[in-house]
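Asker: Everything below, folded, please.
(chains A and B)
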Amino acid sequence: MAEKRRSGGTSVLPEVKTTKSGSDRLLLSQLGVGELLRGAILKMVEARSDDPIGFLADHFCNLASVSESAGTAGFIDGDQVNGVPSACAQEQQHLNRALWHLRLAHHSQRSAFSNNVLLAYDLLSDAAAATAPHSRPGAAAPEGPPGDGSLAGGGVRGGLYTQTLQCLCSEGGVPAATSAPLLRRLHCQDHEAVPYDIFRQGVLTCAVFSDYIRQAQRLYAEVCCPAEGPASRALCLAVLGTLQEALETSQGPEAQHSPNANAKASPGLEANLKANRYLEASAKISSYKVAQAMARGAHAEGAGGNMDAKEFENAAAELFIARVRVVS
Amino acid sequence: MNRFNPVLPVDEYLVETNVLFYLNDALTQLLEHKEEYTQFGVIRYFAEYFSSVKNSNHVLFREYNYIKATPHNRASFIKVFWRCFRQIGRSGDVLSMQEYSSVLQLLCPDFPVELVQSAARIVLMDDAVDYLMSFADFLYAFQLQFYYQEFLASVLAIYQDLLFGKSPNTVIVPTSIAVEQLSLLATEENSTQELQEGVEASMLAECINGLCDRFKHSHPSRTCMLDVLEQSPKATYYSFLMGLAKQDAINTDIGALPNKSDVLVDPEMDQELLKLISQISASPGSTSSGSVPGGLRETQKKASPRRSIHHRRRMEVESDGSTEETDSSES
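Answerer: Sure, this is the predicted structure:
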């Protein structure tokens, strides 16, 4: 594998190859540097981070802390009282790592995202099992989708799952007040074991929701002129109407043929994902619609007063959340 | 992460971000210092390497070719230079070009004197280069010269051509040898020919505009350059650069230094010094501290944290409160 990479187009070793003897190459392969760098580059290219150096720094730091904690269990938590990592600290550590994986790729990069969700799920299941992490550094190969949803340790505990979703929303820039109704819908009991499917859908929903809210915020910014204070209610309602239309169009056919409770969230969420794309499109394309609404809004001036950004955001969130089914 | 941006092809992404350059360097360093760097494991080594690249410490004590290799490295070096030596500015010292050159070589052993010379010429408007310069003046001129060196070399070539009445259109981006010759030429001509007049600013502006097209990103912002050139009908090369060095917008673009007004502010160092001073005064062995009433020093410290370095120095030579006046006149 390493050989293949070196002879490939994106070789990172041109200088080393020409100026150094074979012993260096031997050393590098003994150290597993080729594999290590290949993994890092793949991750980086997959994520297309705006700050690849920062990305690599985080990536290697993460790997180092994983391998060091695997080498000497509890080493990382050495600053804990009497050196024994408390279960809580270890859980937090797993959660951080899981979130780190989830941040790597945007959910529109489907395979990368799914792979990262799986890694995060494994990590959190390990945490639930409260055993020392068995995962090797760079264990990026997917072990195949766990269809039955009962991987090692019997799944992620509900508490951790909820915590993960909370973190995802707040990192996505969604105010807690806005995300709370969504999280109530996705909520699992603390003692429940969350199967992989539910976990994946929850994570995906939160990711899409964060995007959606950001879009809605942008939409409001488009609609209102900062100089003139909050936008008029009529105008906002018109825009929200357009938004709702977009959501309904995209949801329509797929949502209908999922009466099965087990498969419930899946198609719906795929649809939400799509809806988000529709929204992007409509937010951009239908400037003429917005203009229409604005014209109408201008006539209706004073009829309904104004709508501020928060209210708009809540209304938009409500449209979205109404389409997320309750997990029971 | 932002999928609303058009997606670059992988190759371009890797080139644009200089990632391969850093990976290559990381490997070369690893092989050169294998005993040292492999003892904590290669993963830890790469983590340390990229963390240091991220926080700009990677250029410390590296060779000149490395520190000028990428825009990030250049900005990092400027930042490191500023962080390490801003105490010079705070103590109000002025240094000569030679001294700045030595200071820079503490950070980068093979740092070329010529570049320091060029920076000094910007500050001194090409006058005698052995005058003394304040740290802040030198720092911003140095930043401009170091960060945009290739672009400025081309500007100088164009300027020369305009000055001698050649058509600037024939100018090709000069090689480094040509640049050296040109700058030699510039200094020689300076003494003989009267260059204070300079060239038509509008003409220079036009040529620079064309030059920017060839330089893609690695030039100061066009509006800034045109602003500077609009300020007077005639421009010399160094008056132009002097104007650029004073532009906050260019400084912000490079992103290594704060604005000139904040360049000497260093709260962390102040804290350290305060701690040091209190240690000195607390330690029974220090006789000098006994000569200054503790209360008085306390008020001085509070009044002017920026001068704390003076107090430390002066305390060693039996300070009294009267140095306060000289302090303020210096800074």
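Asker: Contacts only, for the residue nearest to the spatial centre of chain B.
Answerer: Taking C-alpha atoms, centre = their mean, the centroid of chain B lies closest to residue B:143, which sits 3.4 Å from it. Residue B:143 sits next to B:78, B:245, B:251, B:254, B:256-257 when contact means C-beta atoms under 8 Å, 6 or more residues apart in numbering or on different chains. C-beta here means a position set from N, CA and C on the backbone, and glycine is covered the same way.
Asker: now do residue A:161
Answerer: Contacts of residue A:161 by C-beta under 8 Å, 6+ apart are A:124, A:188, A:194, A:198-199, A:202.
Asker: returning to what we had before: helix, strand or coil for the residue nearest to the centre of chain B?
Answerer: State at residue B:143, reduced to three classes by DSSP: H, G, I helix; E, B strand; the rest coil: helix.
Asker: how about stretch B:210-224: buried residues?
Answerer: B:211-212, B:219-220, B:224 (16 or more other C-beta atoms under 10 Å in any protein chain shown).
Asker: can you put the residues you listed in JSON lines and add secondary structure?
Answerer: Converted to JSON lines, the buried residues of stretch B:210-224 look like this (three-state DSSP):
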{"residue": "B:211", "secondary structure": "helix"}
{"residue": "B:212", "secondary structure": "helix"}
{"residue": "B:219", "secondary structure": "coil"}
{"residue": "B:220", "secondary structure": "coil"}
{"residue": "B:224", "secondary structure": "helix"}
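Asker: Farthest-apart pair in the residues you listed, please.
Answerer: B:211 and B:224 (14.3 Å; C-beta to C-beta).
Asker: Skipping its backbone neighbours, what lies nearest the residue in the stretch 101-250 of chain B that chain A sits nearest to in space?
Answerer: Using C-beta to the nearest C-beta, residue B:217 is the residue of the stretch 101-250 of chain B that sits closest to chain A, at 15.5 Å. The spatially closest residue to residue B:217, leaving aside those adjacent along the chain, is residue B:71, at 8.0 Å (C-beta to C-beta, 6 or more residues apart in numbering or on different chains).
Asker: State the number of residues packed around that neighbour.
Answerer: Residues lying near residue B:71 (other C-beta atoms under 10 Å in any protein chain shown) number 15.
Asker: In terms of pLDDT, where does it sit?
Answerer: Here the pLDDT value assigned to residue B:71 is 92.
Asker: Could you tell me the phi and psi values at it?
Answerer: phi -60, psi -40 (degrees, to the nearest 10).
Asker: Surely it and residue B:219 touch.
Answerer: No - with contacts counted by C-beta atoms under 8 Å, residue B:71 stays clear of residue B:219, the gap being 11.5 Å.
Asker: Can you name the residues of chain B that neighbour chain A?
Answerer: B:1-4, B:7-8, B:10-11, B:13-14, B:17, B:19-20, B:22-24, B:27-28, B:30-31, B:34, B:38, B:41-44, B:46-47, B:49-51, B:53-54, B:72 (C-beta under 8 Å from any C-beta of the partner chain).
Asker: residues touching the residue nearest to residue B:217, list them.
Answerer: Residue B:71 neighbours (C-beta under 8 Å, 6+ apart): B:147, B:217-218.
Asker: Tell me which entries of the residues you listed lie within helices.
Answerer: Counting by DSSP state H, these place residue B:147 in helices.
Asker: thinking again about what came up before, against chain A, how distant is the residue nearest to residue B:217?
Answerer: Going from residue B:71 to chain A by C-beta to the nearest C-beta, to the nearest Å gives 12 Å.
Asker: of all of the stretch 151-300 of chain B, which residue lies closest to chain A?
Answerer: residue B:255 (12.9 Å).
Asker: Span of stretch B:215-229 from start to end?
Answerer: 19 Å (C-alpha to C-alpha, to the nearest Å).
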